[in-house]
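In: kindly return the folded structure for what I paste below:
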Amino acid sequence: MKRKLLALILAMAASLSLAACGGGSAPASSAAPAPAGSSTAPAESAGGDAAGNTASGGPMKITLITMDQMDVHWVKLEKAAHAKVDELVAGGAEIEYNWLAPEKKDNAQQIQMIETATNDGSDVIIISVNDSTACNDALQAAIDKGIKLIYVDATSTLEPSATFATDNYAAGAQAGEAMKGYLADAGITEGTIGLISAQAGVQSCIDRVDGFKSAFDGTSFIMGEVQYSDGDAVKAQELTNAVIQDGVIAVYGANDGATNGAANAVKEANSNGANIICVGFDNSSSNRAHVRDGEMLAFMAQNPNVMGEKSIEAAVALMNGEALSESNVDTGVSVVTKDNVDQFED
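Out: Below you'll find the predicted structure:
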C-alpha cells in the first residue's frame, strides 16, 4: 500500500514538472537586452503580417548601425528612428529595436556589428556604412540569410531593399555654389581651396567633395588635396591650420567634425588678420555657433530625422510584405546662413 501511494505521489510530481517546462517560455513581446552602444525599444505587439508578426511568430527585429556614436548627425537619426519605433509599438506593432555603433569610425568594428546583427536574428539591418566596399562580405552574408538591407545616408556597392539619403553630390555642388558666391562678394577670383573630409572611402563624403569641386569647373580656382580628419574636430583643426599656412583662400568641410575643426582654425586665422572663407556640412550646435559668430558663412543641413523615420517605416512595410512606393529617396538639404540659422535649432 505504501509502495502504491509513493508511486502515485511521484507520478503527480513528474506531471507537474512537465507542465511547468512546457508552459514557461518567455512571451514573444519580450525584447532582448541591448548590447553596449545600443538601445532597445520594448516590443508590445506585432511584425510581418497585418498585425506585424514575423514568419516565426516573434517580434520583428530591426538593427540600426551607424558610422559612430559621437557625431550629432547619427544621434539625431537614431533619436528619430527610436521615436518612430515607439510610435508604432504604441499602435500595436511588435518590434525589437537595437542601435549599434562604434565609438569612432572603424570599419572592423562596424563589420563585427553587422555580424552580431546577423547572428542575433535581425530581420532588417538599417546601416550607414563607413566605407563603400569594406562591409560588403558581412552585408552579403546577411542578405543571404534573408535579412533586408536598408541604407541611410551612406551606401555600399551592394543592392539594398531601400535607401534614404542625401543626394550628396548635388548637396556638395550647392555648397560649392554658395562658396563661389562668397568668393565673388569678397572680390576673390583665384586661389587654392582647402578640402577637409572625414575618412577615405566614405562614399557620402566622396560625393560631397566631388560635387563641391564640380561647381568650380571652368574657374581659376584650384582644389587642394583632400585632407582626412576621421571626422574628429581636433584633427580637422590641425589639418586646416596646415593648409592655411600653405596659403589657401577658403576651406570646405565635408562633415560635422571636419567642418567644426575647419571653422575653429579659420576663426583663429581671421582673428590674426587673414580673410579665409569657410563653408561646411551638417547641422550641429557648434556649426550653428560658427555661423552666428561669422567664421563660417554657411553649412548644408541634412535631414537625419527624415532618414531615421522613413527607414523604420520602410523596414516595417517590407516585413509586412508591402511594396515600397519609393525605394531610393533623396532626403534633401538646406543652406544655413546667419539669416536663417535660428530656424535650425534642435
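
In: would you map out the domains in the protein?
Out: Domain ranges of the chain: 27-163+304-322, 168-301, per automatic domain parsing.

In: redo these as JSON lines? Include mean pLDDT and mean neighbour count.
Out: (Glycine included, C-beta is placed from N, CA and C.) Formatted as JSON lines, the domains of the chain follow (pLDDT from 0 to 100; neighbours: other C-beta atoms under 10 Å):
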{"stretch": "domain 27-163+304-322", "mean pLDDT": "85", "mean neighbour count": "20"}
{"stretch": "domain 168-301", "mean pLDDT": "97", "mean neighbour count": "21"}
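
In: can you redo those as CSV with distance to residue 332?
Out: Listed next are those as CSV, based on distance: least, C-beta to C-beta, whole Å:
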stretch, distance to residue 332
domain 27-163+304-322, 8
domain 168-301, 8
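
In: among the ones you listed, which comes closest to residue 340?
Out: Closest approach to residue 340 among the domains of the chain (C-beta to C-beta): domain 168-301, 9.4 Å.

In: how about the helices in this structure?
Out: 2-22, 72-90, 107-119, 136-144, 168-185, 203-214, 233-245, 256-271, 285-293, 304-319 (DSSP state H).

In: next, format those as TSV and append distance to residue 62.
Out: TSV is the format used below for those (distance: least, C-beta to C-beta, whole Å):
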stretch	distance to residue 62
helix 2-22	31
helix 72-90	7
helix 107-119	9
helix 136-144	13
helix 168-185	25
helix 203-214	22
helix 233-245	31
helix 256-271	25
helix 285-293	29
helix 304-319	5
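
In: quick one: closest of these to residue 192.
Out: If we rank those by C-beta to C-beta, the stretch that ends up nearest is helix 233-245, at 8.1 Å.

In: which strands and helices sit next to the closest one?
Out: strand 190-197, strand 220-228, strand 250-253, helix 256-271 (3 or more C-beta pairs under 8 Å, 6 or more residues apart in numbering; DSSP states H and E).

In: how far away is residue 77 from residue 99?
Out: 9 Å (C-beta to C-beta, to the nearest Å).

In: rebuild the helices and strands packed on helix 233-245 as JSON lines, extending it with distance to residue 306.
Out: Formatted as JSON lines, those follow (distance: least, C-beta to C-beta, whole Å):
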{"stretch": "strand 190-197", "distance to residue 306": "24"}
{"stretch": "strand 220-228", "distance to residue 306": "28"}
{"stretch": "strand 250-253", "distance to residue 306": "22"}
{"stretch": "helix 256-271", "distance to residue 306": "17"}
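
In: between the ones you listed, which one is nearest to residue 85?
Out: From the helices and strands packed on helix 233-245, taking C-beta to C-beta, the stretch that ends up closest is helix 256-271, at 24.5 Å.
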